[in-house]
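> 3D, please:
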Amino acid sequence: MSQYLIFGIGLFAQLLFSARLLVQWIASEKAHKVLSPVLFWQLSMAASCIFCLYGGLRNDFAIILGQFFSYYIYIWNLKTYGSWNKLPKVVRALLFSFPIVAIGYLLSHWSETSSRLFERENIPIWLIVFGVAGQFTFTLRFIYQWLYSRKVRKSSLPSGFWMISLAGSAMIILYAVIRKDPVLILGQTSGFFVYIRNLIIGRKESRRSAFEKG
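Numbering: from 1, shown residues only. Just a heads-up that it's a prediction; the model follows:
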């Protein structure tokens with residue numbers, strides 16, 4: 001497959017990821033508090049599917065692993081809004097089984113998969129480990145978001161989510177620069193402003209709530 005087409009798939013996925021942040025940021029600015037809109041999670045799921053495909057075409061294990069971890073958290077958040085159950089059963093079944101089928105395929109062709117993903121001579125093992133660590137850190141934000149949301153019993157995007165986003169994004173940008181991956185560089189740098197802005201909005205919201213209570 002043409003490298004231009006592969007990068008096009010990756011850029012489209014990153015466009016959806018950026019769109020979810022734009023939607024969330026605009027909604028939060030209007031409300032003067034950090035929101036977790038349902039469209040954020042809908043765009044997240046669509047982008048995750050496409051970006052996972054891009055990772056496979058790029059033979060990039062770090063990308064694939066990162067998407068698998070967060071995928072079902074997107075579904076959980078959609079369920080909290082009742083949006084997931086509104087989808088046709090066939091669509092839900094296909095979306096829910098997508099990561100399972102992909103993992104099954106990787107495992108059933110493991111010798112070929114490990115050769116393609118891990119044994120490329122031009123990619124040192126330390127770089128793969130660093131890339132996976134960056135993706136894992138970036139994915140931790142959704143694990144943290146899920147645990148926090150379960151505690152407060154609603155879909156929320158707390159300040160810890162944005163701080164972990166900044167840390168993971170910085171690691172992924174460094175990884176992408178070394179791998180010369182323009183898709184990852186563009187996608188991660190575009191989110192920095194939104195992460196910082198949400199931290200500012202969240203701090204102002206906390207101060208306002210404290211003032212009203214006091």
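> can we go C-alpha only for contacts and neighbour counts from here?
Will do.
> For stretch 130-144, C-alpha coordinates in PDB please.
Taking C-alpha atoms only, stretch 130-144 is exported to PDB below (Å, rounded to 0.1, in the frame of the first residue of the first chain):
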ATOM      1  CA  PHE A 130       9.900   3.800  24.900                       C
ATOM      2  CA  GLY A 131       7.000   4.200  22.400                       C
ATOM      3  CA  VAL A 132       4.900   1.600  24.300                       C
ATOM      4  CA  ALA A 133       5.700   3.400  27.600                       C
ATOM      5  CA  GLY A 134       4.500   6.700  26.100                       C
ATOM      6  CA  GLN A 135       1.300   5.100  24.800                       C
ATOM      7  CA  PHE A 136       0.800   3.400  28.100                       C
ATOM      8  CA  THR A 137       1.200   6.700  30.000                       C
ATOM      9  CA  PHE A 138      -1.200   8.400  27.500                       C
ATOM     10  CA  THR A 139      -3.700   5.500  27.900                       C
ATOM     11  CA  LEU A 140      -3.500   5.800  31.800                       C
ATOM     12  CA  ARG A 141      -5.400   9.100  31.500                       C
ATOM     13  CA  PHE A 142      -8.500   7.100  30.300                       C
ATOM     14  CA  ILE A 143      -8.000   4.500  33.000                       C
ATOM     15  CA  TYR A 144      -7.800   7.300  35.600                       C
END
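> which strands and helices sit next to the helix or strand harbouring residue 139?
Assigned by DSSP states H and E, residue 139 falls within helix 125-152. The contact analysis (3 or more C-alpha pairs under 8 Å, 6 or more residues apart in numbering; DSSP states H and E) places helix 125-152 against helix 61-80, helix 159-179.
> Could you report the neighbour count for residue 126?
Neighbour count for residue 126, taken as other C-alpha atoms under 10 Å: 9.
> Buried residues in stretch 149-166, which are they?
149, 155-159, 161-166 (16 or more other C-alpha atoms under 10 Å).
> Closest one of those to residue 77?
residue 155 (6.0 Å; C-alpha to C-alpha).
> Report the contact partners of that closest one.
Contacts for residue 155 were tallied using C-alpha atoms under 8 Å, 6 or more residues apart in numbering; they are 36, 77, 80-81, 146, 149.
> go with 7 Å
Contacts for residue 155 (C-alpha atoms under 7 Å, 6 or more residues apart in numbering) come out as 36, 77, 80, 149.
> okay if I get these as JSON lines plus pLDDT and distance to residue 174?
Output for these, formatted as JSON lines (pLDDT from 0 to 100; distance: C-alpha to C-alpha, whole Å):
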{"residue": "36", "pLDDT": "92", "distance to residue 174": "28"}
{"residue": "77", "pLDDT": "95", "distance to residue 174": "30"}
{"residue": "80", "pLDDT": "93", "distance to residue 174": "35"}
{"residue": "149", "pLDDT": "95", "distance to residue 174": "30"}
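> any chance of these in JSON lines, with distance to residue 207 too?
Shown next, in JSON lines, are the contacts of residue 155 (distance: C-alpha to C-alpha, whole Å):
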{"residue": "36", "distance to residue 207": "20"}
{"residue": "77", "distance to residue 207": "27"}
{"residue": "80", "distance to residue 207": "28"}
{"residue": "149", "distance to residue 207": "21"}
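> Buried among the residues you listed? Need that as a selection in PyMOL.
In PyMOL, this line selects whichever of those come out buried by 16+ other C-alpha under 10 Å:
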select buried, resi 36+77+80+149
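> Show me the shaky parts of the protein.
Counting by pLDDT under 70, the chain contains low-confidence ranges at 59-62, 105-106, 109-110, 112-122, 210, 212-214.
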